[in-house]
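Next one to model:
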Amino acid sequence: MDGTCAVSALRTLLRDYLTLRRALGYKLYWQGLQLQHFVEFAERCGATHITSDLAVKWATQPHASRSWWARRLSVVRSFARYCSSRDPHTLVPPPGLLPRAYRRRSPYLYRDEDIRRLLMAACALPSTVGLRPHTFETLFGLYVATGLRTQEALRLDRDDVDLAQGVLTIRGTSTSEALLPFRVQP
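Sure thing, here's the model as predicted:
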């Protein structure tokens with residue numbers, strides 16, 4: 001196989017992979033861009049298929065920080081698993097090739113007293129219009145009561161609240177859409 005066929009084969013595999021994964025509900029914005037960069041890198045290297053060495057060489061390029069290396073390699077590993085079912089020459093990079101430089105901090109668990117103080121501080125925020133303190137108290141209370149992520153709460157709209165049914169619709173989540181039941185307090 002010459003380099004032109006291999007390049008076209010990798011591009012075709014990438015297109016098919018992204019189409020399949022997105023049809024399954026994965027957005028793959030960042031991952032899709034990274035994989036396009038990987039395929040371009042493979043083309044420049046004249047690669048005919050994915051290997052561990054090629055994937056590591058791409059993931060550890062100088063313009064990427066050490067903390068991103070393992071994440072970039074993980075994206076290629078998923079793509080390589082897909083490719084290996086169609087190209088017997090594809091080698092899937094094993095886990096642990098690049099150590100994760102970043103360790104997520106343990107979450108801070110707020111005590112009830114911490115939450116009360118936070119909500120009281122939100123109520124005391126200065127406001128020229130009068131809604132700012134109420135808005136932040138409601139927002140922080142929503143985070144506490146539901147466990148929503150920041151963007152999930154900020155994307156809420158009036159139409160997402162059904163007071164009659166007691167349901168809050170959360171859009172744009174990692175699972176596409178979620179419904180949270182709640183009780184309306186008199």
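
Need the three-state assignment for Gly130.
coil (DSSP: H, G, I helix; E, B strand; the rest coil).

domain parsing for the protein?
Here the domain assignment for the chain is 3-84, 105-147, 156-186, based on automatic domain parsing.

Same list (those) but as a markdown table, adding distance to Pro95, mean neighbour count and mean pLDDT.
In short, each C-beta sits where N, CA and C put it, glycine included. Formatted as a markdown table, the domains of the chain follow (distance: least, CB to CB, whole Å; neighbours: other CB atoms under 10 Å; pLDDT from 0 to 100):
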| stretch | distance to Pro95 | mean neighbour count | mean pLDDT |
| --- | --- | --- | --- |
| domain 3-84 | 7 | 16 | 89 |
| domain 105-147 | 23 | 12 | 91 |
| domain 156-186 | 22 | 11 | 75 |
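
Quick check: bridge partners of the residue nearest to Glu152 when sequence neighbours are not counted?
Leaving aside its sequence neighbours, Glu152 sits nearest to Ile170 (CB to CB, 6 or more residues apart in numbering; 5.2 Å). Per DSSP bridges, the residues bridged to Ile170 are Ala178.

was I right about Ile170 contacting Leu180?
Yes: taking CB atoms under 8 Å as the definition, Ile170 is a contact partner of Leu180 at 6.3 Å.

circling back: can you add distance to Pro93 and give the domains of the chain back as TSV?
Listed next are the domains of the chain as TSV, based on distance: least, CB to CB, whole Å:
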stretch	distance to Pro93
domain 3-84	4
domain 105-147	27
domain 156-186	25
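
of all the ones you listed, which lies closest to Pro99?
Of all the domains of the chain, domain 3-84 sits nearest to Pro99, with 6.8 Å by CB to CB.

chain center to the closest one: distance?
Chain-centre distance of domain 3-84: 17 Å, with CA atoms, centre = their mean, to the nearest Å.

elements contacting the longest helix seen in the chain?
Ranked by number of residues, the top helix in the chain under DSSP state H is helix 3-23. Using 3 or more CB pairs under 8 Å, 6 or more residues apart in numbering; DSSP states H and E as the contact test, the elements touching helix 3-23 are helix 29-45, helix 66-84.

out of the ones you listed, nearest to Leu14?
helix 29-45 (5.3 Å).

Outside of stretch 83-103 itself, list whatever touches it.
Residues from elsewhere that reach stretch 83-103, judged by CB atoms under 8 Å, 6 or more residues apart in numbering: 9-10, 13, 17, 48-52, 55-56, 59-60, 66-67, 69-70, 73, 76-77, 80-81.

Phe38 contacts Phe79, correct?
Yes: with contact defined as CB under 8 Å, Phe38 reaches Phe79; the gap is 7.4 Å.

Now do the same contact list for the residue nearest to Gln34 when sequence neighbours are not counted.
Nearest residue to Gln34 in three dimensions, chain neighbours excluded: Val75, at 4.9 Å (CB to CB, 6+ apart). When contacts are counted by CB under 8 Å, 6+ apart, Val75 is found next to Gln31, Gln34, Leu35, Phe38.
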